[in-house]
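**Student:** Sequence and predicted structure are below.
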Amino acid sequence: MMGKEILHKMKVKAGLASSTTDTTGKGKTKMSGKRIRHGYNLVKGQSSHPMEDYIVAQFKHVHESELGLFAIFDGHLGHDVPGYLQSHLFDNILHQPDFWTDTKSAIKKAYDITDNKILEKAKELGRGGSTAVTAILIDGLRLVVANVGDSRAVICKNGLAKQLSIDHEPNSERSSIEKKGGFVSNIPGDVPRVDGQLAVARAFGDHSLKVHLSSEPYVTEETIDDGTEFLILASDGLWKVMTNEEVIDAVRDIKDPQTAAKHLTEEARNRKSKDDISCIVVRFE
């Protein structure tokens with residue numbers, strides 16, 4: 001047991017975490033004359049299953065560049081797939097030969113390679129899956145965001161919220177799902193689900209549904225300029241109960257990103273979010 005506790009503390013220090021209760025952490029660096037700080041907080045939801053959210057939040061020197069690597073992985077039907085993503089997705093992205101010349105293409109290839117590996121390991125990793133939102137900050141100047149599912153990235157520029165990801169909801173992709181032989185149903189419950197099971201149209205894993213699902217990410221690039229204040233990545237446990245604007249307004253005046261991340265998870269709980277809630281805040285100064 002002690003070994004597991006030490007390993008967990010090491011992962012938290014490195015910005016690699018999931019949680020059985022609450023987990024929090026922070027980090028800082030300087031890139032291109034900017035002081036960049038991040039903070040994160042993970043809170044387990046009210047469900048009986050273990051925590052299924054995993055995060056990455058770290059700075060890393062690669063060749064002559066410094067990268068900020070940030071991600072939220074929101075698992076379903078088990079924690080093995082998001083755990084695998086936490087350990088492998090960024091490595092797969094950075095190992096793509098065209099990462100520096102065509103970053104968007106490299107990310108798309110790495111998402112596909114990683115999903116195929118997960119499907120190959122279905123016996124080991126189980127039948128579950130995971131959403132993902134990843135953000136790579138390159139030398140403090142370029143931010144490349146990718147996502148599958150409904151974990152979301154929102155940036156604040158000049159006080160305004162700008163969503164950098166797309167919520168891949170079953171209704172919005174109904175035609176492509178039906179072309180693959182699947183269907184979208186609101187039964188059971190009141191949420192549209194692929195084949196009556198999964199509430200997102202894109203995800204890693206989900207071996208039994210993959211023929212009707214996509215793991216192709218939406219990818220976009222944003223320039224970090226003087227008007228860029230902060231970036232927020234969070235699982236849907238936050239976005240189910242708060243709009244982008246409410247989230248931005250709630251923490252714009254909180255200078256410490258770790259305090260801001262904690263404030264958002266607490267606010268989501270106060271608004272009766274029952275899901276796991278994970279949040280990363282990255283401040284540019």
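**Tutor:** Received, thanks.
**Student:** what residue ranges in the stretch 1-150 of the chain are flagged as low confidence?
**Tutor:** 1-22, 48 (pLDDT under 70).
**Student:** Walking through it, point out its helices one by one.
**Tutor:** 2-13, 80-94, 103-120, 122-125 (DSSP state H, counting those that start in this stretch).
**Student:** For E222, which non-adjacent residue is spatially closest?
**Tutor:** Closest residue to E222 apart from its sequence neighbours, by Cβ to Cβ, 6 or more residues apart in numbering: L143 at 4.5 Å. C-beta: built from backbone N, CA, C; applies to glycine.
**Student:** Enumerate every residue touching the one you found.
**Tutor:** A135, I136, L137, I155, L164, E221, E222, T223, I224, L231 (Cβ atoms under 8 Å, 6 or more residues apart in numbering).
**Student:** Quick one: mark the members of those residues that sit in strands.
**Tutor:** A135, I136, L137, I155, E221, E222, T223, L231 (DSSP state E).
**Student:** Run a quick neighbour tally on the third one.
**Tutor:** Just to be clear, that refers to L137. By the criterion of other Cβ atoms under 10 Å, L137 has 26 neighbours.
**Student:** Show me what whatever helix or strand S278 lives in pairs with in its sheet, parallel or antiparallel.
**Tutor:** Here S278 is covered by strand 277-284, with elements defined by DSSP states H and E. Applying DSSP bridges, strand 277-284 is found paired with strand 34-43 (antiparallel), strand 228-234 (antiparallel).
**Student:** could you say what helices and strands the very next helix or strand once past the last one packs with?
**Tutor:** If you walk from strand 228-234 toward the C-terminus, the next helix or strand you reach (DSSP H and E) is helix 236-239. Where contact means 3 or more Cβ pairs under 8 Å, 6 or more residues apart in numbering; DSSP states H and E, helix 236-239 is packed against helix 257-270, strand 277-284.
**Student:** got the angle for the first one vs strand 228-234?
**Tutor:** To tie it back to what came earlier, the one meant is helix 257-270. Relative orientation of helix 257-270 and strand 228-234, computed by axes from the mean of the first three to the mean of the last three Cα atoms, to 10 degrees: 50 degrees.
**Student:** and helix 257-270, how far from the chain's centre?
**Tutor:** 16 Å (Cα atoms, centre = their mean, to the nearest Å).
**Student:** Give the buried residues for it.
**Tutor:** P257, Q258, T259, A260, A261, K262, H263, L264, T265, E267, A268, R269 (16 or more other Cβ atoms under 10 Å).
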